[in-house]
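J.: Take a look and give me a structure for this.
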Amino acid sequence: MRWALVKVCLAVTTMVVVAFAVPLGLVIKEMARDRAFSNAEREAAVVVPALSITTDRDQLERVVASAGSDDGMAVHIPAGDGRAAVDLGRRRAADADIAAVRKLGRASTAEVPGGSALLQPVALGLGTVVIEVYVPESEVTNGVGTAWAVLAAVGLALVVGSVAVADRLGVRMVQPARRLVEGAHELGEGKLGARVPEEGPNELRLAAVAFNSMADQVVQLLANERELAADLSHRLRTPLTVLRLNAASLGDSPAAEQTRTAVAQLEREVDTIIRTAREAKPQTTAPGPGAGCDAAEVVRERMAFWSALAEDEGRKVRTAGVDRPVRIPVARADLAAALDALLGNVFRHTPEGTAFAVDVHNSEDAVIVLVSDAGPGIPDPETAMARGRGSGTTGSTGLGLDIVRRLAESTGGDVRIGSSVLGGTEVRIWIQLDGREPVRRGHRGAVRRRKRAVVG
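T.: Below you'll find the model as predicted:
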């Protein structure tokens, strides 16, 4: 495309230069000729006054010699009244040409060796005198060659300049198109980071914008697929926890041991799936307008599920703040998955008989869900939160806290780990209701006061 554009521009510019330069060159040649013969006419006019005053040969010769240069002028006086015809100066025109001019009475030119001769008739009392002025060929073409050379140089410069401009325009069009092709090839080869600079002509720029948007959506879709696989795999952890605890109570029979081994192997496979799915950091978006759920209802539902297992293990369970509806901008399934992840961690990482509680605190701009236990606690909360951001370690995929963190951050809130009033770990989920940055100081005090009131 680049060379095609250059060829088209070269052809068009050449035609334009030829169309203007050739007529202009001919006009310049004609102007030089007119200038030369105009000078000859002025030289002839100098002699006319002398011819009207005297017919003395010597005086006329001096006038002709002073008017013409290098024998460039001649005067032809006809015979009459007993006078013979007189020719002054160097004669170059033929007798027939002189006679024709004298007969017609108007100026004419005649071709002579080395140039042209201007024959100018002058009617006097002694007859029609013909003044001959020699115009050399060099004077007729004086400056024409230089003018033509200048025209040729200008035309060539225009052609070269147009080719250069066309080449730059071609590069400006071809390079974005080539980068778009290369980006498409890279994306097709699985290089998901391939992007195209959004530059060049408007059409190619729009194509680059569309390509980048498409690439971003491909990456987003793949990330969502990985996240979905990780979430679904992690949700298997809840029934697996129940199954493992039930298997632990089967005794020491071979079948029970095989069941426990199978459950452990299944847990390892689930962990492997989660880690594999989390190789690309997933993205979470806040639910759309009108989406959300009743946090109190979800908490009651999930606590009813876990309470049966807690009763088997002798764990005391307490809930607070779920006696009235608490609307939050979070999907029901997401909140349920987050609660299952935290409660599953309680059962996995605390001994049997350890009490736990779930509190819901509601204010004008935020809802706080507290999951606390009376276990040994977490010695390093920062490390635990780091696992929740994708750096899972042996025995922990980190996805449980990651699910909780993404749920809170999708509303503008966050997750904090600290010490609970029960003596163990407290995970605080701050869910912002209006999407603004949370103002925590006043709410933290309110939460503490309410916790003391519930405990008391």
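
J.: show me what contacts the spatially most central residue of the chain?
T.: The residue lying closest to the centre of the chain (Cα atoms, centre = their mean) is Glu198, at 1.3 Å. The contact partners of Glu198, by Cβ atoms under 8 Å, 6 or more residues apart in numbering, come to 205, 208-209, 212. Using the backbone N, CA and C atoms, a C-beta is placed for each residue, glycine as well.

J.: Which pLDDT value belongs to the nearest residue to it once chain neighbours are set aside?
T.: Using Cβ to Cβ, 6 or more residues apart in numbering and skipping the chain neighbours, the partner closest in space to Glu198 is Ala208 (4.5 Å). On pLDDT, Ala208 comes in at 86.

J.: Can you say which helix or strand has Ala208 in it?
T.: In the assignment (DSSP states H and E), Ala208 maps to helix 202-235.

J.: and if you look at Val358?
T.: Going by DSSP H and E, Val358 is in strand 356-362.

J.: Given that strand, what are its sheet partners and their directions?
T.: Strand pairing for strand 356-362, using DSSP bridges, gives strand 317-320 (parallel), strand 366-373 (antiparallel).

J.: got these as TSV, with mean pLDDT columns?
T.: Converted to TSV, the strands paired with strand 356-362 look like this (pLDDT from 0 to 100):
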stretch	mean pLDDT
strand 317-320	94
strand 366-373	94
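
J.: coming back round to it: give me the buried subset of the contacts of Glu198.
T.: Buried subset of the contacts of Glu198 (neighbour count, 16 or more other Cβ atoms under 10 Å): 208, 212.

J.: So which elements touch the helix holding Ala208?
T.: Packing partners of helix 202-235 (3 or more Cβ pairs under 8 Å, 6 or more residues apart in numbering; DSSP states H and E): helix 144-188, helix 254-277, helix 332-349, helix 399-409.

J.: just those helices: most buried one?
T.: helix 399-409 (a mean of 23; mean count of other Cβ atoms under 10 Å).

J.: Give me the angle between the biggest helix by length in the chain and helix 144-188.
T.: The longest helix of the chain (DSSP state H) is helix 2-53. Between helix 2-53 and helix 144-188, the angle comes out at 170 degrees (axes from the mean of the first three to the mean of the last three Cα atoms, to 10 degrees).

J.: Now helix 2-53: average pLDDT?
T.: 77.

J.: do stretch 305-312 as well
T.: 87.

J.: Relative to Lys103, how far out is Ala44?
T.: 18 Å (Cβ to Cβ, to the nearest Å).

J.: Which residue of those two possesses the greater neighbour count?
T.: Ala44 (23 against 10; other Cβ atoms under 10 Å).

J.: The more buried one contacts Tyr134, doesn't it?
T.: No - under the contact definition of Cβ atoms under 8 Å, Ala44 does not touch Tyr134, with a separation of 11.1 Å.

J.: Give me the common contacts of these two.
T.: Counting by Cβ under 8 Å, 6+ apart, the residues touching both Ala44 and Tyr134 are Met73.

J.: Please report the distance of Trp148 from Ile417.
T.: 91 Å.

J.: One more: Glu189?
T.: From Glu189 across to Ile417, the span is 42 Å (Cβ to Cβ).

J.: of those two, who's got more company?
T.: It is Ile417, of Glu189 and Ile417, that has more neighbours when counted by other Cβ under 10 Å, with 18 against 9.

J.: correct me, but that one touches Pro379?
T.: No - look at Ile417 against Pro379 with Cβ under 8 Å: they stay out of range, at 10.9 Å.

J.: about what we covered before: who are the neighbours in contact with the residue nearest to Glu198?
T.: Taking Cβ under 8 Å, 6+ apart, one finds 176, 179-180, 196-200 in contact with Ala208.

J.: out of those, which one sits closest to Gln220?
T.: Val196 (17.5 Å; Cβ to Cβ).

J.: Could you tell me the phi and psi values at that closest one?
T.: phi -120, psi 130 (degrees, to the nearest 10).

J.: List the residues that contact it.
T.: Contacts of Val196 (Cβ under 8 Å, 6+ apart): 176, 179-180, 183, 208, 211-212.

J.: Closest one to Arg406 out of those residues, please.
T.: Nearest to Arg406 among the contacts of Val196, counting by Cβ to Cβ, is Asn212 at 25.0 Å.

J.: I figured the closest one hits Arg195, correct?
T.: Yes - between Asn212 and Arg195 there is a contact under Cβ under 8 Å: 5.2 Å.

J.: returning to that earlier point: what is the nearest of the contacts of Glu198 to Val358?
T.: Using Cβ to Cβ, these come closest to Val358 at Asn212, 44.3 Å.

J.: Return the distance of that closest one relative to Val369.
T.: 39 Å.

J.: which parts of stretch 38-45 are buried?
T.: 40, 43-44.

J.: for these, which one is nearest Arg405?
T.: Among the buried residues of stretch 38-45, and counting by Cβ to Cβ, the member closest to Arg405 is Ala40, at 102.8 Å.

J.: Could you measure from the closest one over to Gly72?
T.: 9 Å.

J.: and Gly353, backbone torsions?
T.: Dihedral angles (degrees, to the nearest 10) for Gly353: phi 90, psi 0.
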